[in-house]
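In: Structure, please.
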Amino acid sequence: MKKYISSICVLALGLIGMTACSDEEGTTPGGDSQPTATIYTYTVSTPNNPDNDLSLRIAANDKAQEVYYEAVKASELEGLTEDAIINHVISNGTKVELEENQQHGGRFADVLVKGMFGDYIISVVAASGNAKTLSQVSFTGLDWKDIVSGTWYFASAIAPAFGVSELPTVLQVCTTDDHLFRLKDLFGEGYSMKFSTIDIQGEDEDGVYTFLRVPSAITPYEYGSYGPISVQDIGYWQNNDAFVTDYGYESGMYEDYSCFFMVEYYVSAGYLGYNFYNYFIPD
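Out: Below is the predicted model of the structure:
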């Protein structure tokens, strides 16, 4: 197993810029002659599940008298014409209540679609009498299969920020992508940590391991007034894959599913620590 490397735990002073979708996005009326509805999609946050839930803003123009939506398995729409899909949505979907935007004009509805597993199509129909138009977006909901239960061990340098040294969890693999894994509810219910294998291997005294990538994941733990602690691998932090593949900051998984993780812990103001290993050890 990779040896412990002395920690660097200095809080960076530079603020990290963040962007977010405006509440006003998708509320301005269009100039189309036909009824139309535009779909804007947003990633959900806890307590909703971003693996299987999706937030929508449906923005309708002033010609749309009624708007309906429906989320169905993509396979159910195979072979259907556009007219058949429109009729299906109106007959089986949900009619939305459009809200007037007092400041910018236009009408919109915010919708939460939950519990999608596998490939889905979300269809929205805007109707005015016999005139009907269709808009669609796709979504792939992830499903997971247990591999082994185990324990996550924080590096001693970062453990004080979380107030614990170890956490129970379950290693799972995605049923539609055998390169995608997660440690289920690692940081609390709804706060899993995903990671993926890449086509590079290394070897040390404990055997052959496959390199891993760890995209950003938020935790419910907070660091003082700086807000939630997040985690990601060094390559994502530096926006340079070479930090993981060439510069020695790799994470890896052995054949017995034990893993080591070289990751950066950070808050809105900067990093809390990196350059040490955390471990997942199967039971």
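
In: in the sheet, who's paired with the closest residue in space to residue 42 that isn't next to it in sequence?
Out: Using Cβ to Cβ, 6 or more residues apart in numbering and skipping residues adjacent in sequence, the residue nearest residue 42 is residue 55, 4.2 Å away. From N, CA and C alone the C-beta is placed, and that goes for glycine too. For residue 55, the beta-bridge partners under DSSP bridges are residue 42, residue 112.

In: low-scoring stretches of this structure, by residue?
Out: By pLDDT under 70, the low-scoring segments of the chain are 1-32, 102-105.

In: all helices for it, in order.
Out: Remark: helices assigned in the chain by DSSP state H are 82-92, 159-162, 234-238, 242-245.

In: Would you mind finding the most buried of those?
Out: Compared across the helices of the chain, helix 234-238 shows the largest average neighbour count, a mean of 19 (mean count of other Cβ atoms under 10 Å).

In: separation between the most centrally placed residue in the chain and residue 194?
Out: Closest to where the C-alpha atoms of the chain average out (Cα atoms, centre = their mean) is residue 50, at 5.1 Å. From residue 50 across to residue 194, the span is 10 Å (Cβ to Cβ, to the nearest Å).

In: before we move on, what about residue 47?
Out: As for residue 47, its distance to residue 194 is 18 Å (criterion: Cβ to Cβ).

In: Bridged to residue 267, which residues?
Out: Note on residue 267: beta-bridge partners by DSSP bridges are residue 270.

In: In this structure residue 201 contacts residue 245, no?
Out: No. Counting by Cβ atoms under 8 Å, residue 201 does not reach residue 245; the two are 11.2 Å apart.

In: wait, what's in contact with the residue nearest to residue 42?
Out: Contact analysis of residue 55 by Cβ atoms under 8 Å, 6 or more residues apart in numbering lists 41, 42, 43, 44, 48, 110, 111, 112, 113.

In: just residue 85 next, same as before
Out: Neighbour list for residue 85: 77, 123, 134 [criterion: Cβ under 8 Å, 6+ apart].

In: intersection of neighbour lists for residue 201 and residue 245?
Out: Shared contacts of residue 201 and residue 245 (Cβ under 8 Å, 6+ apart): residue 211.

In: and residue 47 and residue 194? which has more neighbours close in?
Out: Counted by other Cβ atoms under 10 Å, residue 47 and residue 194 do not tie: residue 194 has more neighbours, with 20 against 8.

In: Could you tell me which residues make contact with the more buried one?
Out: For residue 194, the contacting residues are 180, 181, 182, 214, 215, 217, by Cβ under 8 Å, 6+ apart.

In: and the gap between it and residue 212?
Out: Computed as Cβ to Cβ, the residue 194 to residue 212 distance reads 10 Å.

In: now residue 233
Out: 8 Å.

In: and residue 127, what are its bridge partners?
Out: Beta bridges link residue 127 to residue 66, residue 132, judged by DSSP bridges.

In: who's in contact with it?
Out: Contact partners of residue 127, counting by Cβ under 8 Å, 6+ apart, are 35, 64, 65, 66, 67, 68, 90.

In: The residues you listed, buried ones only, as a ChimeraX selection?
Out: Buried members of the contacts of residue 127 can be picked out in ChimeraX with the line below, counting by 16 or more other Cβ atoms under 10 Å:
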select :35,64,66,67,68
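
In: Mind putting the contacts of residue 127 into a markdown table with distance to residue 160?
Out: Formatted as a markdown table, those follow (distance: Cβ to Cβ, whole Å):
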| residue | distance to residue 160 |
| --- | --- |
| 35 | 58 |
| 64 | 55 |
| 65 | 59 |
| 66 | 57 |
| 67 | 52 |
| 68 | 53 |
| 90 | 57 |
